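> got a sequence here, can you model it:
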Amino acid sequence: MTIQTPARRAHQRADDAAHPQAGTPWWRHRIMWLVVGGPLAVVVAGIVTAVIAVRGADPVLDTRADRAPERPALEGRNHAASPEPRR
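Predicted coordinates for the structure are as follows:
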C-alpha cells in the first residue's frame, strides 16, 4: 500500500483528467476498434473472396483439343506480329 500525499493525489487527478478511459477494459476504447477494424475487415473480405472463387469456379478448358480450324488464323496473326526478316 502506498501513502497518498497531497502532491501524489494532485498528480493522480491530473492523470485522470488527461486519460478519462484509463480504467476501462480494452474493448471499450474506440481507437482500438479503429486500429483492429481495418485489418480485420481485409481478412474477412479475403475469406469471402476465396469462398466465392472456390464455389463459383469456372470449368477447366481442354487445351489439347484439335485446333486445326483455327490454325491458319493463328499463323497469320503470329506472322503479322513478328514477320520473318527478308533475305
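> rest of the way, CA atoms for contacts and neighbours
Fine.
> who does the helix or strand containing A45 touch, helix- and strand-wise?
If you go by DSSP states H and E, A45 is part of helix 30-55. The criterion is 3 or more CA pairs under 8 Å, 6 or more residues apart in numbering; DSSP states H and E, and there are no helices or strands that helix 30-55 contacts.
> tell me the mean pLDDT over that helix?
Averaging pLDDT along helix 30-55 gives 94.
> buried ones in it, by neighbour count?
For helix 30-55, the neighbour count (16 or more other CA atoms under 10 Å) marks no residue as buried.
> check the gap between V44 and V36 for me.
12 Å (CA to CA, to the nearest Å).
> kindly report the same for I3.
39 Å.
> try W27
11 Å.
> please apply the same query to Q4.
From Q4 to V36 the distance is 38 Å (CA to CA).
> please apply the same query to A45.
The value you get for A45 to V36, if CA to CA is used, is 14 Å.
> T5 too?
40 Å.
> next one: A22
19 Å.
> ditto for V43
From V43 to V36 the distance is 11 Å (CA to CA).
> now do G56
30 Å.
> phi first, then psi, for A57.
phi -70, psi 140 (degrees, to the nearest 10).
> number of nearby residues for it?
9 (other CA atoms under 10 Å).
> and the one 3 residues further on, by the same measure?
Counted with other CA under 10 Å, residues neighbouring V60 total 6.
> quick one, grab the pLDDT at it.
Reported pLDDT for V60: 79.
> for it, which three-state class applies?
When classified by DSSP: H, G, I helix; E, B strand; the rest coil, V60 comes out as coil.
> who's in contact with it?
Taking CA atoms under 8 Å, 6 or more residues apart in numbering as the definition of contact, V60 has no neighbours.
> so how far is V51 from it?
Taking CA to CA, one finds V60 at 18 Å from V51.
> could you measure from A45 over to W27?
In terms of CA to CA, A45 sits 22 Å off from W27.
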